[in-house]
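[1] generate coordinates for the sequence data below:
(2 chains)
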There are 2 protein chains.
Amino acid sequence: MSAGEQVSWTEALEQLPFNSDGLLPAIAQQYDSGEVLMMAWMNREALAETLSKGRVCYWSRSRQKLWRKGESSGQVQILQALLLDCDGDTILLKVDQTGPACHTGRRSCFYNLVTTDSIQVLNNPIINPDELYGG
Amino acid sequence: MSAGEQVSWTEALEQLPFNSDGLLPAIAQQYDSGEVLMMAWMNREALAETLSKGRVCYWSRSRQKLWRKGESSGQVQILQALLLDCDGDTILLKVDQTGPACHTGRRSCFYNLVTTDSIQVLNNPIINPDELYGG
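    Okay, the predicted model is just below:
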C-alpha cells in the first residue's frame, strides 16, 4: 500500500499474527523526546482498550491479567499514536509518560549499558519505588 | 545497583532470561534522531557477535539462522550502544542505520498508523525494495 491508503481496523485486527499466547510485543516511546521507555505485551483486549480509552493497557504475563499501566503506581501512559510494523507483529506506542515508566523508579527500563566485558547501571531512580507502590 | 556500578558481562550473560526458543527481543533505534526502526530477535550467539563486531546481527526465526542485518540489502546497522532493560529480557540497540531498516524500503518498519476505525500507511519507501534485494 502507498502512503495515505487505509483499510478498516476491524478487518486488519482479524489478520494480526498474535503469538501462540495470543500476544504481540509493544514498545513504549515518549512521543516528544523519542526516549524508549519499556517493552511489554498486549493481547487483543489490551490493544482494543488502549485504542478506545487512549490510556495504555498491557497484558501482564506474570499476573495473567490486564495491566492498566499506572493502576498501582499512578505513572500512566497517555497514548499519542499507535503504530504497527510491516509484518503487523510488533506495536509501537507513542505515549506521554507520567514520571517513571520503570518499576525501579527510573524514567526508562533501559538503564543497563552492556559492553564486551561489563554491564553498567547508567541511571538512578527519579522516584523511590517504595513511594510508587506504597512501600 | 546504583548508577556507575558494574558487573562482569560474562557473569550477567549466564543469568539472562532467554525465552523457550533461546531468544530475546531487540529493538533498534537510530541513535541520534531517536526514531524506532524495527524489532527483531537475538540468540546468545547473535548478541555476542553484535557486541564483538559492533555491527548488528539478529537471529532470523523464519530462516533459523544468524541474520547479519544488511547482508543482502547492504543496509547495515552500526552499533552505538547496547542496553538491557530492568528485567534483562529486552535489548535496546542504539544504531546508525544505513538507508532503510525495513525490507519494504522504508526507513522504519513502523509505518502503519492505527486508530479505532482504520489503519493507514504513513510513509512510502525511500528505496524501491527491488533495488535492495536484486529484484
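
[2] leaving out sequence neighbours, find the closest residue to residue A:3.
    In this structure, residue A:3 finds its nearest non-sequential neighbour in residue B:124, 4.7 Å apart by CB to CB, 6 or more residues apart in numbering or on different chains. Glycine gets a C-beta too; all of them are placed from N, C-alpha and C.

[3] wait, what's in contact with that neighbour?
    Taking CB atoms under 8 Å, 6 or more residues apart in numbering or on different chains, we find residue B:124 in contact with A:2, A:3, B:106.

[4] can you tell me which of these lies closest to residue B:82?
    residue B:106 (24.1 Å; CB to CB).

[5] I'd say that closest one and residue B:125 touch.
    Yes. Using CB atoms under 8 Å, residue B:106 is in contact with residue B:125, at 5.3 Å.

[6] please enumerate the shared neighbours of the two.
    Common contacts of residue B:106 and residue B:125, defined by CB under 8 Å, 6+ apart, comprise residue B:100.

[7] so which of these two has more stuff around it?
    Taking other CB atoms under 10 Å in any protein chain shown, residue B:106 and residue B:125 do not tie; residue B:106 has more neighbours (23 against 19).

[8] sticking with that one, tell me its helix or strand.
    Residue B:106 is part of no helix or strand when elements are defined by DSSP states H and E.

[9] and it, backbone torsions?
    With angles defined as degrees, to the nearest 10, residue B:106 sits at phi -90, psi 150.

[10] again with the one 4 residues further on
    With angles defined as degrees, to the nearest 10, residue B:110 sits at phi -90, psi 80.

[11] tell me the confidence at it?
    What the model reports as pLDDT for residue B:110 is 98.

[12] return the nearest residue of chain A with respect to chain B.
    residue A:34 (2.5 Å; CB to the nearest CB).
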